[in-house]
Each structure stands twice: as structure tokens, then as C-alpha cells.
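**Student:** How does the following fold in three dimensions:
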Amino acid sequence: QVQLVESGGGLVQTGGSLRLSCTVSGLTFSDYNMGWFRQSSGKEREFVAGISWRYGRTYYADSVKGRFTISRDNAKNTVYLQMNSLNTEDTAVYYCASGAGSYDYWGQGTQVTVSS
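**Tutor:** Model prediction:
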């Protein structure tokens with residue numbers, strides 16, 4: 001059974017930082033692309049960042065480029081999202097996802113709230 005467990009969310013002030021973690025079990029982590037998505041109230045889920053399985057290539061939504069960094073530690077089966085310079089528009093539930101092509105597996109989400 002594949003499980004993705006996010007952690008690291010919380011309440012932070014504008015301009016602050018958080019680091020999200022997602023630990024994966026039940027699959028060969030190093031063989032899978034990993035991604036972070038978010039969904040804020042009343043909006044559809046959106047892509048935030050992704051990292052490929054083979055070369056660790058990274059991809060970002062324009063809204064987070066230069067502020068967020070995705071990374072992975074294959075030895076720990078964990079993907080991270082370092083979020084800096086947070087603003088209120090980053091408030092959302094953040095989900096990690098994994099997949100070989102499309103994202104097939106999802107975590108339960110972790111809430112990030114940025115206060116002004």
C-alpha cells in the first residue's frame with residue numbers, strides 16, 4: 001500500500017519561511033517523480049513544484065519561482081518543499097504527489113496559513 005505523509009505545515013507571518021516534508025512508503029521512491037500541489041479555499045488544486053526521478057530536474061509554477069525550492073532525499077524516501085518569502089496568497093492546503101507519468105498517488109495534505 002502506497003502512503004504519502006506530509007508534515008511541516010503551520011501558521012507563519014508574511015515574509016516567513018516553512019519547510020514541508022513528504023515521506024513515502026510502499027513504492028520504490030527513487031523511481032518516481034514527485035510533486036507538490038496546493039489548493040486554497042474556493043479554488044482548484046494547482047501545481048506548485050515538481051522534481052524528476054532520474055536527474056532530479058525541478059519545475060516550478062511561476063507564482064513560486066525564486067521563493068520555493070523542491071528537493072528530494074532518496075535515501076530517506078522524502079521530498080521537501082522549502083518555502084521562503086511567504087505571502088498571504090500562499091495560504092492553502094499543500095499536497096505531495098508521486099507518479100511514474102501522471103501523479104497517481106497523493107498525500108492527505110498539510111495546511112499552510114500565512115498571516116498578514
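**Student:** Could you check the pLDDT of residue 54?
**Tutor:** What the model reports for residue 54 is a pLDDT of 89.
**Student:** same thing with residue 100?
**Tutor:** Residue-level pLDDT assigned to residue 100 equals 89.
**Student:** Please tell me how far it sits from residue 77.
**Tutor:** Applying C-beta to C-beta, to the nearest Å, the value for residue 100 to residue 77 is 16 Å. Yep, even glycine has a C-beta here, placed from its N, CA and C like the rest.
**Student:** now do residue 69
**Tutor:** Residue 69 is 19 Å from residue 77, by C-beta to C-beta.
**Student:** Same question for residue 63.
**Tutor:** 28 Å.
**Student:** Repeat that for residue 56.
**Tutor:** Taking C-beta to C-beta, one finds residue 56 at 15 Å from residue 77.
**Student:** ok, these two, which is more surrounded?
**Tutor:** Between residue 56 and residue 77, residue 77 has the larger neighbour count (other C-beta atoms under 10 Å), namely 18 against 12.
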